[in-house]
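Novice: Below are the sequence and a predicted model for it; my questions follow.
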Number of protein chains: 2
Amino acid sequence: MAKRPETGGRLDDAARAGWLYYVAGRTQDEIATAMGISRQSAQRLVSLAVAERLIKVRLDHPIAECLELGEQLRRKFGLVHVDVVPADPGSSSTTIGIAEAGAAEIERWLKKPEPIVLAVGTGRTLKAAIDQLPAMECPQHRILSLTGNIGPDGSAAYYNVIFSMADAVKARHFPMPLPVLVSSPEERDLLHRQSLVQSTLQLGREADVAFVGIGELGADAPLCLDGFLDPQEMARLMEEGAAGEICGWMFDREGRLLEGSINERVASVPLPPRETTTVIGLAKGKRKYLALLSALRGGMINGLITDETTARYLLSA
Amino acid sequence: MAKRPETGGRLDDAARAGWLYYVAGRTQDEIATAMGISRQSAQRLVSLAVAERLIKVRLDHPIAECLELGEQLRRKFGLVHVDVVPADPGSSSTTIGIAEAGAAEIERWLKKPEPIVLAVGTGRTLKAAIDQLPAMECPQHRILSLTGNIGPDGSAAYYNVIFSMADAVKARHFPMPLPVLVSSPEERDLLHRQSLVQSTLQLGREADVAFVGIGELGADAPLCLDGFLDPQEMARLMEEGAAGEICGWMFDREGRLLEGSINERVASVPLPPRETTTVIGLAKGKRKYLALLSALRGGMINGLITDETTARYLLSA
DNA sequence: AGAAAATGTGAGTAATTGCCCATGAGCGAA
DNA sequence: TTCGCTCATGGGCAATTACTCACATTTTCT
C-alpha cells in the first residue's frame, strides 16, 4: 500500500508480523525480509501487536501445586469452581494471571452452544479479564451487568465492564442504567420499578454464571477512589463491621450482608442465588485478603479465581 | 509423552517457568533467581514449555486466519511466496483485494535499491493490480512483458499491462511487440529472431520475479473474449486436456505444458525458471479454481496471491 | 552389581532482540 | 509558503536468549 499513515493498515501489518513471530516462529530478521522492511520496523510491529493485545498467550497446564491448592480451597469453602494461577512475587500488578485465567473461564462459558445468561460485576480486575477476551460471536447468550454503570457525578463509570465486553463478544447485553449507590431506599425502589430495569433484575435471577470482583474497604478502596463513597461514610461502615463488598453489596467478616442503611441504597442486581448460579470471584493480593476470606466464609461466592499466594493465605486463615 | 514420575514435576516446572516468561513477562534471569536454578536451566524449562505445547499463542485479528491458510498453502505446494487476503463474500469482483495485495508486493520489489528484472504477464487481474501502484522512480530496475501486446486484429491489446505500468513506474521497460499467438511455429521463430525480441527473451531468463495472471479456459475465457482463439479451437484444446493458461502457455490438469500444436504458436517469453525466479500468480474465484490448482500442482508458479475462499478450495482439493 | 545409555547441568559463544538517538517526511498553524 | 511539531525509520549498541560442548548424575538393562 502507498504511503498513507493509516492506522488500520498498520495494525494489519502488526498482526501479520506478530503472527509470523509468535505462531510461525520466524525471527524478526526473516519477517523484515519477507515484509520488505527493516529489522527495526519488524521489531516495532511485533511489539505493537503485543501492546495492542492482538497476541494472547495462555498457559495450558495444570500446575500440580496450584491444583492442589485449588482442591483444598474447594473443600474448605465448598466451591464449585476454583482456579489458582502461579504467583509472580516480583510483580506488583493486581491483575496479572487472574485476568488471563478469568478470560479463559469466561470464554469457556461463552463457547457453550446452548444459550446461557452470563452476569458480570465491575472493577479493575474484571476489566482486565474482559480485555483478554478474543472476539466472539455468541448470539445465543445474554450478558448482563449486575451493577449500574452511572458514576456519582452522572457520567458513565470507568470500570463498568459490560460495554468493553460488548465490543469483543457479539451477544445481547443488558447494562444497568443506574448508579451503584442511590440516595435512599425509596429512590432505589422507584428506579427498580422501571420496566427496562425490571427485565435486567429478572435476568439476574436466571443467570447461569456470574463473574464478580471483590472490593476491599478502606480509604483507598475502589468505591472511594471512584467517588461513590466519601471517607467518612467508609469509616462508619468499617466501624459497623463491613469487611468488603461485591457489586456494592457490603458484607461483614462472616460474609453476611450488612443490615445497615447502606445496602438499602445499593441499586445493583441482587447477587444471583448460589444454589443455582455459579458466582465466581476474581481477586488476588494482600489488600483483598479480608474481603475475599469473608466472602468465602459466608458463601457469597461459590467460585474463585486467585493466585497461589492468596490461596495459601485463605487456607491458613 | 513419557509417564515417568520425574518428568511430571519437570513439566510442572516448565509450565511455571513458561508462565513467568510469557504471561508475567519476566526475563529468564529473574525466573532463574525466583525458582532457584541456573539461567540455563530456566531457558531449558521455557523452551520445554514451548516444545510441549504448554504455551498457546493466539493472534486475535482477522488477518490471522489468512496467514494460517497461507502457511498451509506454502507447505502443500512448496511456494516461496504466499499472500492470502480476506474474502469479501459480498463482492462479485474478481480482483478486489488481490489487486491491492499484488500492488503491495510489486511495490515491495520495486523499492529494493539493487537493480532487479521484473516481469509481468497480462490479464484483467494484473491490470487491476498495476492500477493500484503509486508513482515511483526506479531507474535501477528493468521491467519486461512476458507476453505480446498485439491483438489478433493488429491493434494493441487491452490487457497488456506493461504500458500502464510504465506510466506509474519510471524504469526501463521492455514490451513484446508481437501477438500472443501467431499462425505457425515458423512464424514464431522468425519473430523471435528479431534483435529487439531477442533481448527481451534474454531478459526473461534473468528475471528476478514475475507477476502473472492465471487464465481459465472455456467459452468465455479471456483468450476467447479478446479474440485470440475462436470457440472451436478452445473446445478442441479442452478435449486435449487443457486446464488453463499462463501468458498463453497452455497446461493440463497436472500443470504440464501441453505438447500439442497450440503452445508452438505461443509467442510469449517462456516462463522464467522457477529454480531462480519467483513466479507469482494472481487469481481468485471459482472460475479459476481448476486452472490455479493445475498450475500449482505442476509448479508452474511458485508464488501465489489469492483470497481466503480460493485458498480453502486449493487446500481441500 | 556393573556397564551402558539417557538425561540434566553449567560454561562459553553466537544469534537474536530491545532500546536510544539522529534523521527526514508529513501535517497543521502562522 | 515556511516554521515547528510529531512520528516513523534505520543504524548502532547493549541486553537477552539460544545453541553447542563437555561433564556429572540418574536410569536401565543384563
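Specialist: Thanks, I have it.

Novice: A:Asp230 contacts A:Ala221, correct?
Specialist: No. In this structure, A:Asp230 is not within contact of A:Ala221 by CB atoms under 8 Å, at 11.5 Å. Heads up, the C-betas are built off the backbone N, CA and C, glycines and all.

Novice: Between the two, tell me which one has more neighbours.
Specialist: A:Ala221 (21 against 11; other CB atoms under 10 Å in any protein chain shown).

Novice: Next, the contact list for the more buried one, please.
Specialist: Under the criterion of CB atoms under 8 Å, 6 or more residues apart in numbering or on different chains, the neighbours of A:Ala221 are A:215, A:229, A:234.

Novice: Out of these, flag the one nearest to B:Ala49.
Specialist: Within these, the smallest distance to B:Ala49 is 34.8 Å, found for A:Gly215 (CB to CB).

Novice: where's the strand or helix carrying A:Ser294 relative to the chain centroid, distance-wise?
Specialist: Element membership of A:Ser294 [criterion: DSSP states H and E] is helix A:289-297. Relative to the mean C-alpha coordinate of its chain, helix A:289-297 is positioned 17 Å out (CA atoms, centre = their mean, to the nearest Å).

Novice: What sits closest to the closest residue to DNA strand D within the stretch 1-150 of chain A if chain neighbours are left out?
Specialist: Among all residues of the stretch 1-150 of chain A, A:Ser38 sits closest to DNA strand D, at 3.1 Å; criterion: CB to the nearest atom of the strand. Nearest residue to A:Ser38 in three dimensions, chain neighbours excluded: A:Ala32, at 5.9 Å (CB to CB, 6 or more residues apart in numbering or on different chains).

Novice: Same question for A:Tyr22.
Specialist: B:Val57 (4.4 Å).

Novice: Next: A:Ile262.
Specialist: Per CB to CB, 6+ apart, closest to A:Ile262 is A:Met250, 5.4 Å.

Novice: go on, A:Glu137?
Specialist: Here the residue nearest A:Glu137, using CB to CB, 6+ apart, is A:Lys170, at 4.8 Å.

Novice: Contact partners for the one you found?
Specialist: Applying CB under 8 Å, 6+ apart, the residues near A:Lys170 are A:135-139.

Novice: try it again with 10 Å
Specialist: A:135-139, A:141 (CB atoms under 10 Å, 6 or more residues apart in numbering or on different chains).

Novice: how long is stretch A:227-234 end to end?
Specialist: 11 Å (CA to CA, to the nearest Å).

Novice: Can I get stretch A:199-207 as CSV, trimmed to CA atoms?
Specialist: Only the C-alpha atoms of stretch A:199-207 are listed here, as CSV (Å, rounded to 0.1, in the frame of the first residue of the first chain):
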residue,chain,number,x,y,z
SER,A,199,-36.1,-7.2,32.9
THR,A,200,-32.5,-7.0,33.9
LEU,A,201,-33.4,-7.8,37.5
GLN,A,202,-35.3,-10.8,36.3
LEU,A,203,-32.4,-11.9,34.2
GLY,A,204,-30.1,-11.7,37.2
ARG,A,205,-32.2,-14.3,38.9
GLU,A,206,-31.8,-16.6,35.9
ALA,A,207,-28.1,-16.2,35.5
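
Novice: Can you give me the buried ones in it?
Specialist: A:200-201, A:203-204, A:207 (16 or more other CB atoms under 10 Å in any protein chain shown).

Novice: closest to A:Arg44 among those residues?
Specialist: Scanning the buried residues of stretch A:199-207 for proximity to A:Arg44, where the rule is CB to CB, the winner is A:Ala207, at 43.4 Å.

Novice: Contact distance from chain B - what residues of the stretch 51-200 of chain A qualify?
Specialist: A:52-67, A:85-91, A:93, A:96-97, A:99-101, A:104, A:132-135, A:168 (CB under 10 Å from any CB of the partner chain).

Novice: Pull out the buried residues from those residues.
Specialist: A:54-59, A:61, A:63, A:65-66, A:85-88, A:96-97, A:99-101, A:104, A:132-134, A:168.

Novice: Please give me every residue in contact with A:Val279.
Specialist: So A:Val279 contacts A:80-81, A:119, A:121, A:146, A:207, A:209-212, A:246, A:271-273, A:295, A:299-304 (CB under 10 Å, 6+ apart).

Novice: any idea which helix or strand carries the spatially most central residue of chain A?
Specialist: By CA atoms, centre = their mean, chain A has its centre lying nearest to A:Leu126, at 1.4 Å. Assigned by DSSP H and E, A:Leu126 belongs to helix A:124-130.

Novice: which element follows that helix toward the C-terminus?
Specialist: strand A:136-150.

Novice: can you dump the C-alpha coordinates of that next one into PDB?
Specialist: Below are the C-alpha coordinates for strand A:136-150, written out as PDB (Å, rounded to 0.1, in the frame of the first residue of the first chain):
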ATOM      1  CA  MET A 136     -16.500 -14.000  19.600                       C
ATOM      2  CA  GLU A 137     -19.900 -14.400  18.100                       C
ATOM      3  CA  CYS A 138     -22.400 -15.700  20.600                       C
ATOM      4  CA  PRO A 139     -25.900 -14.600  19.600                       C
ATOM      5  CA  GLN A 140     -27.400 -17.400  21.700                       C
ATOM      6  CA  HIS A 141     -26.200 -15.900  25.000                       C
ATOM      7  CA  ARG A 142     -27.300 -13.000  27.100                       C
ATOM      8  CA  ILE A 143     -24.900 -10.900  29.100                       C
ATOM      9  CA  LEU A 144     -26.000  -8.600  31.900                       C
ATOM     10  CA  SER A 145     -24.300  -6.200  34.200                       C
ATOM     11  CA  LEU A 146     -25.000  -6.700  37.900                       C
ATOM     12  CA  THR A 147     -24.100  -3.200  38.700                       C
ATOM     13  CA  GLY A 148     -25.100   0.200  37.500                       C
ATOM     14  CA  ASN A 149     -22.900   2.000  35.100                       C
ATOM     15  CA  ILE A 150     -23.500   5.500  36.200                       C
END
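
Novice: pLDDT on it, on average?
Specialist: Averaging pLDDT along strand A:136-150 gives 90.

Novice: and the closest residue to DNA strand C within the stretch 51-200 of chain A, how far is that from chain B?
Specialist: Minimum separation of the stretch 51-200 of chain A from DNA strand C (CB to the nearest atom of the strand) falls at A:Ala51, amounting to 10.1 Å. Taking CB to the nearest CB, to the nearest Å as the measure, A:Ala51 falls 12 Å from chain B.

Novice: Look up the closest residue to A:Ile280, ignoring the ones flanking it.
Specialist: A:Gly303 (3.3 Å).

Novice: go on, A:Gly298?
Specialist: Among residues not flanking A:Gly298 along the chain, A:Gly255 sits closest, at 1.6 Å (CB to CB, 6+ apart).
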